[in-house]
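Dropping a prediction and its sequence here:
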Amino acid sequence: MSKNLVIYFSAGGHTKLKAIQLAEAIEADIFEIEPVKKYTKADLLWMNPLSRSFREVATRKSKRPEIVDKELDLTGYNKIFLGFPIWGWAAPSIVNSFLEKHDFSGKTIVVFATSGGTMKLDGSVKSLIPSLSETTIVKEGRVLNGEWTKEELADWAKDL
C-alpha cells in the first residue's frame, strides 16, 4: 500500500502551518526541509537587496543554500506533496538543494505553496524541474493561502 508524504520548507511559519494541516487532513507522513543556517526576520525582507532571500532569488540558478542532512527513505511513497513559500515568483532555491540530494524517480510530486502576493504557481513549478529526474511527475497543486478546513484539504488532495 502506498502512502502520502508532505515535504515542506518554511522560513516564517506560514508554509509549516499549511503542511501540518495538509498532512493531518490526508493522514500523511511529514518531513521538513531545514537550512543549515536558519533564516532571520531580516533575511526574509525580500524587497531589500541586502537580505538573504533577495540574494538567493538573484542567484538561484548558480548557488544552493545548504540543508541539514537528515535521513529520508522515499520507499513506499508514490505521491509527495511539496510545499514552500513563493520567493520571486518561484520556489526558494533551498527546495532545489533538497530535490538534488534525493532521488524522486518514478514519484509524483504535487506542488503547493504559500504567498503574500500571488495565487499562481506558474514559475514555481518550472523552477523545480531541472532538479528532478525525467521520470518524476510534477503536478501543479495550488497556493494554500487563507483558511482551509480539514475536509477541503482532503478533497483537494484526493483529486490529484
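Yep, it's here.

From here on, just use CA atoms for contacts and neighbour counts.
OK.

And the residue nearest to Val68 when sequence neighbours are not counted, how far from Glu27?
Take Val68 and drop its neighbours on the chain: the residue closest to it by Cα to Cα, 6 or more residues apart in numbering is Val36, 5.1 Å away. Distance, Val36 to Glu27, by Cα to Cα, to the nearest Å: 28 Å.

can you check Thr15 too?
18 Å.

ok, the two, which is more surrounded?
Taking other Cα atoms under 10 Å, Thr15 and Glu27 do not tie; Thr15 has more neighbours (23 against 14).

correct me, but Asn77 touches Leu5?
Careful, residue 77 is Tyr; it's not Asn. Yes - contact criterion Cα atoms under 8 Å: Tyr77 and Leu5 qualify, at 6.5 Å.

Comparing these two, which shows the higher neighbour count?
Counted by other Cα under 10 Å, Tyr77 and Leu5 do not tie: Leu5 has more neighbours, with 23 against 17.

Give me the secondary structure label for that one.
The three-state assignment at Leu5 reads strand, by DSSP: H, G, I helix; E, B strand; the rest coil.

Provide a list of residues in contact with it.
Residues in contact with Leu5 (Cα atoms under 8 Å, 6 or more residues apart in numbering) are 23, 28-31, 77, 79-81.

Which of the residues you listed fall in helices?
Of these, the ones assigned to helices by DSSP state H are Ala23.

Just the ones of the contacts of Leu5 in strands?
Among these, DSSP state E puts 29-31, 77, 79-81 in strands.

Is Arg142 within a helix or a strand, and which one?
Assessed by DSSP states H and E, Arg142 sits inside strand 137-143.

list the helices and strands that strand packs on?
If you count contacts as 3 or more Cα pairs under 8 Å, 6 or more residues apart in numbering; DSSP states H and E, strand 137-143 packs onto strand 108-114, helix 122-126.

What is the subsequent helix or strand relative to it?
With DSSP H and E, the next secondary element past strand 137-143 is helix 150-158.

re earlier: give me the buried subset of the ones in strands among the contacts of Leu5.
Burial by neighbour count, judged by 16 or more other Cα atoms under 10 Å, picks out 30-31, 77, 79-81 from the ones in strands among the contacts of Leu5.

Just the endpoints, please. Distance across stretch 28-37?
27 Å.

for this structure, what helix or strand is lowest in average pLDDT?
helix 52-58 (a mean of 73; mean pLDDT, DSSP states H and E).
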